[in-house]
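Peer 1: Sequence plus the predicted model coming up.
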Amino acid sequence: MAEIGFIGLGNMGLPMAANLVKAGHVVTGFDTVAAALEKARAAGIAIAGTAAGAAADRDIVVTMLPNGDIVRSVFAEIVPAARPGSVIVDSSTIDVASARIVHAMATEAGLLCLDAPVSGGVGGAEAGTLTFMAGGSQAALDRARPALEVMGGRIVHCGDGGAGQAAKICNNMLLGISMIGTCEAFALAGKLGLSQQALFDVISTSSGQCWSVNTYCPVPGVGPKSPADNDYQPGFAAALMLKDLGLAQQAAEASGAATPMGRHATAIYEAFVKAGNGGTDFSGIIRFLDQVRDR
Ligand code: NAD
């Protein structure tokens, strides 16, 4: 069993770390918020006084933090403390540039490093069924695998450092675009007098099918159970979708990629969140289309 450090014990990090404890690993955690530490202690996680304390002398260190600035500053603390040859896995969703910077910091210090953002949300974190999109060397992935296999159901090695974050934002940019397109199709069908169920029955078996229709339909009472059937409680909150769309736009600008639909989707989710809907599931955008009619 491995000695694992876990930094960032929030909505995602706590259940991920708790699953590592349940699998028999020895987990030492750190978070800046006292309430998070309380919950972690109750889940059997030992608590360190600093991030460096959680990272020192571990086989594997996992970070699950809000953004790239915080990940960079936490790496500045933990890289000097970590044991040479150990692996640091950053599972936060952050910008590709920051992911590459922390890879370089770790590698220069003789550590292995993996960017391994996840999909699957809090439900996947609790169930241990997350998908990890991993960027880094095969050696880093091999070293991290015992922990990743406990926290996730699927691990995709996407390439070198930063490739995991690149895969995550490309996927989520497409998801944001496809959700808005799905909502538009159902709204138009309604205006044309077509039943929502009839449209679902057609699209879900035709060329327009996609995850936003088939699995996560934004119309209540249509398709498998989804946040639409629970008054758009998340699920995946619109604020997190906006964060990921923003990261995709940042990467598109830096790399010169043309993403006109990604840019448009970002503007629509920005308006949705600004109107007070950041905590609403991202599929709730279906109730907002009339307000962005002319954008
Ligand atoms: P969260 O805000 O609940 O948790 C982040 C934790 O990091 C908090 O407990 C916070 O106190 C802690 N933290 C902040 N600064 C710190 C520091 N310097 N040192 C130690 N701890 C610090 O967020 P979350 O929902 O758990 O998301 C974490 C990451 O996972 C984000 O990058 C998010 O985009 C990504 N993500 C979230 C979801 C989701 O559904 N919530 C899904 C996929 C990916």
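Peer 2: On my side now, so go ahead.
Peer 1: Where do the strands of the stretch 51-200 of the chain begin and end?
Peer 2: Along the stretch 51-200 of the chain, counting by DSSP state E, counting those that start in this stretch, strands occupy 60-63, 87-90, 112-115, 118-119, 130-136, 152-159.
Peer 1: quick one, which of those strands is nearest to the ligand?
Peer 2: Smallest distance to the ligand across those (Cβ to the nearest ligand atom): 5.3 Å, for strand 118-119. Every C-beta, even on glycine, is put in place using the N, C-alpha and C of the backbone.
Peer 1: Strand partners (parallel or antiparallel) of that closest one?
Peer 2: Strand 118-119 has these partner strands in its sheet, going by DSSP bridges: strand 130-136 (antiparallel).
Peer 1: Could you confirm whether any residue of the strand it pairs with contacts the ligand?
Peer 2: No: Strand 130-136 lies apart from the ligand when judged by Cβ under 6 Å from any ligand atom; the minimum separation is 8.1 Å.
Peer 1: What is the burial count for the residue in the chain that the ligand sits nearest to?
Peer 2: For the chain, the residue positioned closest to the ligand under Cβ to the nearest ligand atom is residue 10, at a distance of 1.9 Å. Look at residue 10: counted by other Cβ atoms under 10 Å, it has 15 neighbours.
Peer 1: returning to that earlier point: can you list the strands of the stretch 51-200 of the chain in JSON lines and add mean pLDDT and mean neighbour count?
Peer 2: Formatted as JSON lines, the strands of the stretch 51-200 of the chain follow (pLDDT from 0 to 100; neighbours: other Cβ atoms under 10 Å):
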{"stretch": "strand 60-63", "mean pLDDT": "98", "mean neighbour count": "28"}
{"stretch": "strand 87-90", "mean pLDDT": "98", "mean neighbour count": "28"}
{"stretch": "strand 112-115", "mean pLDDT": "98", "mean neighbour count": "28"}
{"stretch": "strand 118-119", "mean pLDDT": "95", "mean neighbour count": "20"}
{"stretch": "strand 130-136", "mean pLDDT": "98", "mean neighbour count": "26"}
{"stretch": "strand 152-159", "mean pLDDT": "97", "mean neighbour count": "16"}
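Peer 1: circling back: which residues touch the residue of the chain closest to the ligand?
Peer 2: Listed by Cβ atoms under 8 Å, 6 or more residues apart in numbering, the contact set of residue 10 reads 31, 33, 36, 64, 66.
Peer 1: What subset of those is buried?
Peer 2: The neighbour-count test (16 or more other Cβ atoms under 10 Å) applied to the contacts of residue 10 identifies 31, 36, 64 as buried.
Peer 1: Give me the pLDDT for the second one.
Peer 2: Meaning residue 36. pLDDT recorded at residue 36 is 97.
Peer 1: just use 47 as the starting number from now, easier for me
Peer 2: With 47 as the first residue, the last one maps to residue 82.
Peer 1: Which of the helices or strands spans it?
Peer 2: Assessed by DSSP states H and E, residue 82 sits inside helix 80-88.
Peer 1: How many residues are close by the closest residue to residue 297 other than its chain neighbours?
Peer 2: Spatial nearest neighbour of residue 297, chain neighbours left out: residue 142 (5.2 Å); criterion: Cβ to Cβ, 6 or more residues apart in numbering. The criterion is other Cβ under 10 Å. On that basis, residue 142 has 24 neighbouring residues.
Peer 1: before we move on, the earlier item: near the ligand, from the buried ones among the contacts of residue 56?
Peer 2: Counting by Cβ under 6 Å from any ligand atom, the subset of the buried ones among the contacts of residue 56 that neighbours the ligand consists of 77, 82, 110.
Peer 1: returning to that earlier point: mind putting the contacts of residue 56 into TSV with distance to residue 300?
Peer 2: Rendered in TSV, the data for the contacts of residue 56 read as follows (distance: Cβ to Cβ, whole Å):
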residue	distance to residue 300
77	31
79	32
82	33
110	24
112	21
